[in-house]
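Student: just coords:
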């Protein structure tokens, strides 16, 4: 009996040792963070350092990298040109893999796209955001992972000191609005002009254009703003709906300035449907192929043409500069010139 009891004790002791050893192994793993953890700072610093080391190693060995971008709205021809510029650097120049995701003009989708790139552990990101505030929180997580990000086209509500983005590359948006206003002033010739302005407050780049336009016409008493408002949402349907409301509400519209070409083309559509387009000046910003065709056909009056491919190229080069261990040698804010296009020079861009 005594030997049986001793045997049972030995077996029980061995079982307890195995359980204890298993518990120790589980506590040492990194996949199960404790609720009492002091925070992610140490882990984030280690992750960022590891990511930087991996990028440096990839540069030395010639290993293929993966660079991602999120475009603000894939249905916009402007974004197609942006993607082309991005791919020309990532694929054509460096021979790396390019991932292109579409935010479809929706802030929540934008955040999900960035999260997707994080989960794919890309080496760098070029971000063309559709909202200037929505991505800020998740960009802090991206920074903690050590993934370099360059912002383009949309000016994000962050500062250089925060270190969330390597650079902010945008069009000379204020000057784009100024150019439209100067053309309107010249065409008015001192005669009274009543203007409707379509804006989008969450689009900081678009609001810079509106500011440039409004500031420029401010000293001209003959030019009056009938209404300055924005669509209910960032969709073609909502922009068309607002333009249709204006057409029904006012019978004395002389000009419409929209913050981008998609909205300007919606205004053209509403005016045509109401047989009011003749004699009304319609302006946008972007220089999309559809806008160029509309100008050629005598519908839109003019647009300040952006260079989205150049914005993407500049931002992608910044990402590679950092990945290759270099230092960016230009200002944090980079401004790409716009070109005013009307019937006099539209053939150059068709």
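Tutor: Okay, I see it. What you see is a predicted model, and the numbers here were worked out from it, not measured in a lab.
Student: ok, then the element right after the helix or strand hosting residue 317?
Tutor: Using DSSP states H and E, residue 317 sits in helix 308-323. For helix 308-323, the succeeding helix or strand toward the C-terminus, using DSSP H and E, is strand 333-336.
Student: partners of that following strand in the sheet?
Tutor: The strands that strand 333-336 pairs with in its sheet are strand 168-171 (parallel) (by DSSP bridges).
Student: which residues sit against the partner strand?
Tutor: Identification of contacts with strand 168-171 by CB atoms under 8 Å, 6 or more residues apart in numbering yields 150-156, 205, 306-307, 311, 314-315, 318, 332-338. To be clear about C-beta, it is placed using only N, CA and C from the backbone, and glycine gets the same treatment.
Student: The same query, at a cut-off of 7 Å, please.
Tutor: Here strand 168-171 makes contact (CB atoms under 7 Å, 6 or more residues apart in numbering) with 150-153, 155-156, 205, 306, 311, 314-315, 332-336, 338.
Student: I'd say residue 78 and residue 288 touch.
Tutor: Yes: using CB atoms under 7 Å, residue 78 is in contact with residue 288, at 5.7 Å.
Student: how many neighbours does residue 348 have?
Tutor: 10 (other CB atoms under 10 Å).
Student: If you could redo that for residue 234, that was the one I meant.
Tutor: Residues near residue 234, counting by other CB under 10 Å, number 22.
Student: Surely it and residue 201 touch.
Tutor: No: if you go by CB under 7 Å, residue 234 and residue 201 don't touch, sitting 10.6 Å apart.
Student: So which elements touch the helix holding residue 317?
Tutor: Helix 308-323 sits against helix 77-87, strand 124-127, strand 149-152, strand 168-171, strand 333-336, with contacts defined as 3 or more CB pairs under 7 Å, 6 or more residues apart in numbering; DSSP states H and E.
Student: For residue 246, the count of nearby residues, please.
Tutor: Going by other CB under 10 Å, the residues that sit close to residue 246 add up to 20.
Student: who touches the helix or strand containing it?
Tutor: Using DSSP H and E, residue 246 sits within helix 236-249. Helix 236-249 is contacted by residues 196, 198, 227, 229, 231-232, 253, 262-263, 266-267, 269-271, 274, 276 when judged by CB under 7 Å, 6+ apart.
Student: one more time with 10 Å
Tutor: 73, 75-76, 105, 196, 198, 200, 226-227, 229-233, 235, 253, 256, 258-260, 262-277, 280, 282 (CB atoms under 10 Å, 6 or more residues apart in numbering).
Student: ranges for the helices of this protein?
Tutor: 2-28, 41-61, 77-87, 107-119, 136-144, 173-188, 204-217, 236-249, 261-273, 289-296, 308-323 (DSSP state H).
Student: Quick one: closest of those helices to residue 93.
Tutor: Across the helices of the chain, residue 93 has its closest neighbour in helix 308-323 (8.4 Å, CB to CB).
Student: Show me which positions of that closest one end up buried.
Tutor: Neighbour counts over helix 308-323 (16 or more other CB atoms under 10 Å) mark 308-323 as buried.
Student: Could you give the bridge partners of residue 227?
Tutor: The partner residues for residue 227, given DSSP bridges, come to residue 196.
Student: Could you pull up the contacting residues of it?
Tutor: By CB under 10 Å, 6+ apart, residue 227 lies in contact with 194-198, 242, 245-246, 249-250, 253, 256.
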